[in-house]
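> Need a 3D model of the following:
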Amino acid sequence: MIIEKSSPPKDHATRYSLPATSGLYIHIPFCLQRCAYCDFASYALNALPNGLSFGSYADALIKEARLAAKERGAPRFSTLYFGGGTPSLMPLDELRRIVAALRESFNVSQIEEFTLEANPDTLDGEKLASWRELGVNRLSLGIQSLSDTSLKELGRSYSREEALGALARHRDELAAFDLSFDLLLNIPWQNPSQVLDDIRTLYAFEPVHLSLYSLKVEPGTPLAMRVANEPELAPDKDRFADEMGAAEKLLEESGFARYEVSNFARDGKWSLHNLTYWRGGNYLGLGVNATSCIRGVRTRNHREFADYRAALMRNELPVAERAELTETERAFERLMLALRTMWGISRDELPLRIWKKLQAKAEELAERHPQLIVAIPERIALTSAGMNVEHALVVELAEGDLWGEPV
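Here you go, the predicted model:
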């Protein structure tokens, strides 16, 4: 991939031009156990619904891939992402079957980035070698924390010692991949400085990317029920801002750039797949609850495996929801998602009538808050400080007669 530098606006990170990408996402819903904070479409291995197994799910994915290719004409994808759940639990034979079917159904001959999510306690030498043979070149490892207390309270399936031990044992095999680590901030059971200690510890394994997310209380989760009884455990916005600020400083000192609200990378090592979402590209999702958005049409698959599988057995795509976005809705989403990234939004990404109004509002906002937003004739972007209040800034930019019709 060729990365070209462009002139950065004042007080903002160096920007790079990026190739247009289209992404293929495969959802794998299996987990060793459900985390206390998780509301994703996933199932613990000891509580699988009737009919769900590794083999039956692979069969379903393969059928969906063939139906989707038939409908869409075998589109070409530049990124492939296996997310979950815990995709690293998928047996190698089933994973090979799925990848083979994707190669038969779609044009994936020029994949630039093939990511697989994994938990540290699911790593072994055979898997790592086989993933690399399949073409995986990026591993996203869900560490979340290296505090034993936090790991236990969050419902993770490993300890600090087990996580670090797995990384150390497989250091040589892991060197064949671009490594990304996920960490949670704003965890009520741990010292605010824990995330800094975790980052320093993980540096030993030479990651090129880190994702830092705030712990969220999602309705219906065990964490939500606990917080209802112990409100002092609710995540604190001020604490999150302090933790993120300290983490960002540490990461920047080590050569990582904050290229998105929650993501940091060394030069050129950002997640191309996730940038497809943030930059308004087309993406196709396969599996339970997977979403797609192609040429302004968004769909979401059935969340429950029984409904998902039943649709496929009728030779139908397992779509539960479908919406065709209006020009205004597409423009608003383009603005909201683009401002999450250090590249911001450029004039050619919005209808001219919208851009002119947006530019005027952004320039006025930049005069009042130059530490938060940069507005130049061709581009509008948030500074790192602005990313911390991205939602509020988008609301301010989007209100009024900007769109000409309700969003």
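> sec struct for residue 219, please.
coil (DSSP: H, G, I helix; E, B strand; the rest coil).
> quick one: secondary structure of the nearest residue to it once chain neighbours are set aside?
Leaving aside its chain neighbours, residue 219 sits nearest to residue 39 (7.4 Å; criterion: Cβ to Cβ, 6 or more residues apart in numbering). Any C-beta I mention is one placed from the backbone N, CA and C, and that applies to glycine too. Assigned state for residue 39: coil (three-state reduction, three-state DSSP).
> next one: the one helix or strand residue 320 maps to to chain centre, how far?
Of the helices and strands defined by DSSP states H and E, residue 320 is found in strand 319-324. Chain-centre distance of strand 319-324: 21 Å, with Cα atoms, centre = their mean, to the nearest Å.
> Each with direction, which strands does it pair with?
Paired neighbours of strand 319-324 in the sheet (DSSP bridges): strand 297-301 (antiparallel).
> sorry, back to before: can you tell me how far the residue nearest to residue 219 is from residue 204?
32 Å (Cβ to Cβ, to the nearest Å).
> Show me the helices in the stretch 201-350 of the chain, by range?
Listed in chain order, the helices of the stretch 201-350 of the chain (DSSP state H, counting those that start in this stretch) span 222-229, 237-253, 272-278, 305-313, 327-338.
> Tell me which of those helices approaches residue 168 most closely.
Closest approach to residue 168 among those (Cβ to Cβ): helix 237-253, 22.0 Å.
> Show me what that closest one is packed up against.
Here helix 237-253 touches strand 178-185, helix 194-202, strand 209-214, strand 257-260, going by 3 or more Cβ pairs under 8 Å, 6 or more residues apart in numbering; DSSP states H and E.
> Okay, residue 153 and residue 219: tell me how far apart.
19 Å.
> Who has more neighbours out of these two?
Shown here are residue 153 and residue 219; by other Cβ atoms under 10 Å, residue 153 has more neighbours (19 against 7).
> can you tell me which residues contact the more buried one?
Taking Cβ atoms under 8 Å, 6 or more residues apart in numbering, we find residue 153 in contact with 36, 187, 189.
> Please repeat the previous calculation with a cut-off of 10 Å.
Contacts of residue 153 were listed using Cβ atoms under 10 Å, 6 or more residues apart in numbering, and they are 36-37, 145, 147, 187-190, 223, 226, 233.
> residues near residue 187, how many?
26.
> Look at it and give its secondary structure.
Quick answer, by three-state DSSP: residue 187 is coil.
> thought it was touching residue 154?
Yes - with contact taken as Cβ atoms under 10 Å, residue 187 and residue 154 are classed as touching, separated by 7.3 Å.
> list residues touching both of the two?
Common neighbours of residue 187 and residue 154, counting by Cβ under 10 Å, 6+ apart, are 37, 144-145, 147, 215.
> Out of these, who's the most crowded?
That'd be residue 145 among the shared contacts of residue 187 and residue 154, by other Cβ under 10 Å, with 25 neighbours.
> Wait, that one touches residue 155, no?
No - using Cβ under 10 Å, residue 145 makes no contact with residue 155, being 11.6 Å away.
> so where's this protein shaky on pLDDT?
Within the chain, the ranges that satisfy pLDDT under 70 run 1-20, 74, 404-407.
> how about a cut-off of 50?
Counting by pLDDT under 50, the chain contains low-confidence residues at 1-16, 406-407.
> what's the following helix or strand after the longest helix seen in the chain?
In the chain, with assignment by DSSP state H, the single longest helix is helix 54-72. Remark: after helix 54-72, the chain's next helix or strand is strand 79-84, criterion DSSP H and E.
> centre of the chain versus stretch 88-99, how much separation?
21 Å.
> do stretch 304-317 as well
Relative to the chain's own centre, stretch 304-317 is displaced by 26 Å; criterion: Cα atoms, centre = their mean.
> Count the neighbours of residue 192 for me.
Neighbours of residue 192 (other Cβ under 10 Å): 15.
> circling back: could the helices and strands packed on helix 237-253 be laid out in TSV, adding mean neighbour count and distance to residue 337?
Formatted as TSV, these follow (neighbours: other Cβ atoms under 10 Å; distance: least, Cβ to Cβ, whole Å):
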stretch	mean neighbour count	distance to residue 337
strand 178-185	22	20
helix 194-202	18	25
strand 209-214	20	16
strand 257-260	22	10
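> Reformat those into a markdown table and put distance to residue 403 next to each item.
Formatted as a markdown table, those follow (distance: least, Cβ to Cβ, whole Å):
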| stretch | distance to residue 403 |
| --- | --- |
| strand 178-185 | 34 |
| helix 194-202 | 38 |
| strand 209-214 | 29 |
| strand 257-260 | 25 |
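> Which one of those lies nearest to residue 309?
Nearest of the helices and strands packed on helix 237-253 (Cβ to Cβ): strand 178-185, 29.5 Å.
> List the pairing partners of the closest one within its sheet, with orientation.
strand 138-144 (parallel), strand 209-214 (parallel).
> can I get those in JSON lines with distance to residue 183?
Shown next, in JSON lines, are these (distance: least, Cβ to Cβ, whole Å):
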{"stretch": "strand 138-144", "distance to residue 183": "6"}
{"stretch": "strand 209-214", "distance to residue 183": "5"}
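> Out of these, the one nearest residue 91 is which?
Checked against Cβ to Cβ, the stretch from the strands paired with strand 178-185 lying closest is strand 138-144, at 17.7 Å.
> Put the alpha carbons of that closest one into CSV.
The C-alpha atoms that make up strand 138-144 are tabulated as CSV, following Å, rounded to 0.1, in the frame of the first residue of the first chain:
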residue,chain,number,x,y,z
ARG,A,138,-3.3,-9.1,11.3
LEU,A,139,-4.4,-10.4,14.7
SER,A,140,-6.6,-8.3,17.0
LEU,A,141,-6.1,-9.7,20.5
GLY,A,142,-8.7,-8.9,23.1
ILE,A,143,-6.6,-8.3,26.2
GLN,A,144,-9.0,-5.8,27.9
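> following it, which helix or strand shows up next?
Next helix or strand after strand 138-144 toward the C-terminus (DSSP H and E): helix 148-154.
> by how many degrees do the following helix or strand past that following helix and strand 178-185 diverge?
Counting by DSSP H and E, the element after helix 148-154 in chain order, helix or strand, is helix 160-169. Angle of helix 160-169 versus strand 178-185, following axes from the mean of the first three to the mean of the last three Cα atoms, to 10 degrees, is 170 degrees.
> Alright, calling it a day.
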